[in-house]
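S.K.: below is the structure, and that's it, no one-letter string:
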């Protein structure tokens, strides 16, 4: 994958140009601003950092506010205390919203699924549209997964 | 066939809706008291460990914290090898130290980036995290993964570092050295950073001893403790290096200690690579048939300080009890001393200076008025106040 | 103080309170004491011997609730474990947190996980259990069944 280029449009928008073999023909159906919000559960932070790594010059993906979000990234094995927060965040999100479970913990609870405070995985708490496994998934995988979801023929498979 | 695709992405809003991890009670601009709420990250790891075999525990503990990922298997291996009364081959010691020091480098770079972010220097954030990438690529080359390396096992390491890989490692180290020079110069000589970090978030020697704080947090206050020197393990007694300290105990001192430590790490790795070339390839572990009954305490110097593992074995395949103490556990508690009396705009950098795990650092502070109990600033606003203070100082110095 | 001096000092000052001493090697000792002597021993280690409190490990065994208080003498690399055994029915011991802050959080955590009472603790309130498990439930006790 080529190094993505970026430039600052105005103070409220960053454009990301990506040359990617996952990009399909229906790419231009979803030509609006993609506002991505990140929720980190009980995690080791590897996924959080790889998500943030998408912010840095090599990858270039930014996150917004939940009230304007189109995509909710969730990682971490959700414990009891996080579960209530996650539900609250999901309720605050404008619908429709795409939910992406990131990392082994987000997808299945990973190595912490047998822990005594485990309340997840994410799809037990809120509906999930895509899973990006890995421990952690590389930034390229996160971006590729997001692009694949956005470009799929019906990203919002659920009725909202 | 590849197509060009345009995805416009929205603006950056740091985790606005996060719950309050640090509640700052303020009188006007000054922080008078702090309450800390936690439990969001509790995963019951110590109990989980009892249901895993010793081999599996390594995979569990390296996911306690992604940044100090290797330090936990390191300390756990030291604890179990103490129970078994075995010593690993010299080659394994060198490899363990190389991984540990590479981790220190990438962790300190990560911290420098975050500190820049909290001060409002987002360029520093971008640079530091960009300079981290070659180190993560190196990890991928040596271990197969950018994070969570699965290199440790009881008795040694799981993968060798072949001679053919060594030139690539040296090349990245040379690059990192140059970038560290750049960052160090930028931080140490910048009058704005001096103004924002000198005299801020001070911890005295007495505070350090009272809280049992460790790592760069302690060393920046003149308490020269470092597990690698005090209770040597792996290859640290086999190579030459020095413990970096400072006296002032403020945020600047903590930054200085971390930056200068990176040079020591680079030197340690270089010497370990020389050592590897002298040892026989492939001799990376001793065979361990079973873990006898007993108790072992293992420590390692993580980027944040001493990691401590205490393992009780009952002779079976799983630990009977596994106590884990990460350095942030004792370091974060010092916020009572370093943040009270500071202004709200200095609160984030004072909190970040002890380098708590990123997770804790990002879910940051919320400020309340101490007399009315009303919320006056959320996390994003506190960050903004910090960035504004930096801009103010910049314009005054022009 | 050297390691030998610290151990000798312990034996001289607290001989009758020491129930066992195990030397694993020159840097690892376990000294078992009567719970009532904890404050005096900790005071000696912290103030006179210049030791640092690392952390405490609690276990639930057939003997009762055992706690290992881990102290480090950084200058010599010594890890000295002060070991106490508390009763099954009413596990309680004096808190160290009035002497130093380093033990404050771990005593609260041991209280939440094992139900051990730390007498005169300055603020024995919840640390990690809020929202994660109910009051009166002690997940790390051995008779705990996950439902």
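M.R.: Cool, got the structure. Since the structure is predicted, the reported quantities are computational estimates derived from the model, not experimental observations. Numbering: from 1, shown residues only, chains lettered A, B, ... in the order given.
S.K.: which non-adjacent residue is nearest the residue in chain B that chain C sits nearest to?
M.R.: Closest residue of chain B to chain C, CB to the nearest CB: residue B:212 (3.2 Å). C-beta here means a position set from N, CA and C on the backbone, and glycine is covered the same way. Nearest residue to residue B:212 in three dimensions, chain neighbours excluded: residue C:102, at 3.2 Å (CB to CB, 6 or more residues apart in numbering or on different chains).
S.K.: which residues touch the one you found?
M.R.: Residues in contact with residue C:102 (CB atoms under 8 Å, 6 or more residues apart in numbering or on different chains) are B:210, B:211, B:212, B:330, B:333, C:52, C:53.
S.K.: so which residues of the chain form strands?
M.R.: Just so you know, I chose chain A. Under the criterion DSSP state E, chain A contains strands at A:5-8, A:14-20, A:36-40, A:71-75, A:98-102, A:130-132.
S.K.: that's the other chain; I wanted chain C
M.R.: C:18-25, C:28-33, C:52-61, C:64-73, C:78-86, C:92-94, C:117-119.
S.K.: average pLDDT for stretch B:329-338?
M.R.: The average pLDDT for stretch B:329-338 rounds to 88.
S.K.: how deep is residue B:86 tucked in, by neighbour count?
M.R.: 14 (other CB atoms under 10 Å in any protein chain shown).
S.K.: let me see the domain layout of chain B.
M.R.: According to automatic domain parsing, chain B comprises the domains B:22-41+B:331-397, B:57-326.
S.K.: could you tell me the least trusted of those domains?
M.R.: In terms of average pLDDT, domain B:22-41+B:331-397 trails the rest of the domains of chain B, at a mean of 79.
S.K.: gap between it and the chain center?
M.R.: 20 Å (CA atoms, centre = their mean, to the nearest Å).
S.K.: same question, stretch B:209-227
M.R.: The answer for stretch B:209-227 is 14 Å, by CA atoms, centre = their mean.
S.K.: may I see the buried residues of stretch B:179-190?
M.R.: For stretch B:179-190, burial by neighbour count (16 or more other CB atoms under 10 Å in any protein chain shown) applies to B:179, B:180, B:183, B:184, B:186, B:187, B:190.
S.K.: residue B:351: which of these is nearest?
M.R.: Nearest to residue B:351 among those is residue B:187, at 18.5 Å by CB to CB.
S.K.: list the residues that contact that closest one.
M.R.: B:112, B:124, B:193, B:255, B:259.
S.K.: who touches the lowest-mean-pLDDT helix or strand in chain C?
M.R.: Least confident helix or strand of chain C, by mean pLDDT, DSSP states H and E, is helix C:104-114 with a mean of 91. Contact partners of helix C:104-114, identified using CB under 8 Å, 6+ apart, comprise B:325, B:329, B:333, C:55-56, C:58, C:60, C:65, C:67, C:91, C:95-97, C:116-118, C:121-129, C:138-141.
S.K.: rewinding a little: between which two of the contacts of residue C:102 is the distance greatest?
M.R.: Among the contacts of residue C:102, B:333 and C:52 lie farthest apart (CB to CB), at 14.0 Å.
S.K.: between the two, who's got more neighbours?
M.R.: residue C:52 (24 against 19).
S.K.: tell me, how many residues neighbour the closest residue in space to the more buried one that isn't next to it in sequence?
M.R.: Of all residues not flanking residue C:52 in the chain, residue C:72 sits nearest, at 4.8 Å (CB to CB, 6+ apart). Counted with other CB under 10 Å, residues neighbouring residue C:72 total 27.
S.K.: if we can go back for a sec, adding distance to residue B:93 and secondary structure, write the buried residues of stretch B:179-190 out as CSV.
M.R.: Converted to CSV, the buried residues of stretch B:179-190 look like this (distance: CB to CB, whole Å; DSSP: H, G, I helix; E, B strand; the rest coil):
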residue, distance to residue B:93, secondary structure
B:179, 28, helix
B:180, 25, helix
B:183, 30, helix
B:184, 29, helix
B:186, 35, helix
B:187, 33, helix
B:190, 39, coil
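S.K.: return the member of these nearest to residue B:88.
M.R.: Among the buried residues of stretch B:179-190, and counting by CB to CB, the member closest to residue B:88 is residue B:180, at 30.0 Å.
S.K.: list the residues that contact that closest one.
M.R.: Residue B:180 touches B:259, B:262, B:263, B:266, counting by CB under 8 Å, 6+ apart.
S.K.: give the phi and psi angles for whichever residue of chain C sits closest to chain A, as a check.
M.R.: Chain A sits closest to residue C:131 of chain C, with a gap of 3.6 Å, by CB to the nearest CB. For residue C:131, the backbone dihedrals (degrees, to the nearest 10) come out as phi 80, psi -10.
S.K.: again with residue B:314
M.R.: Residue torsions, per degrees, to the nearest 10, at residue B:314 are phi -110, psi 20.
S.K.: residues near the residue lying closest to it once chain neighbours are set aside, how many?
M.R.: Ranked by CB to CB, 6+ apart and with sequence neighbours excluded, the top spatial neighbour of residue B:314 is residue B:320, at 4.2 Å. A count of neighbours around residue B:320, defined by other CB under 10 Å, yields 16.
S.K.: that's a helix at residue B:320, yeah?
M.R.: No. Residue B:320 is assigned strand when assessed by DSSP: H, G, I helix; E, B strand; the rest coil, not a helix.
S.K.: one step back: select only the buried ones of the contacts of residue B:180 in PyMOL?
M.R.: In PyMOL syntax, the buried subset of the contacts of residue B:180 is picked out as below (16+ other CB under 10 Å):
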select buried, chain B and resi 259+262+263+266
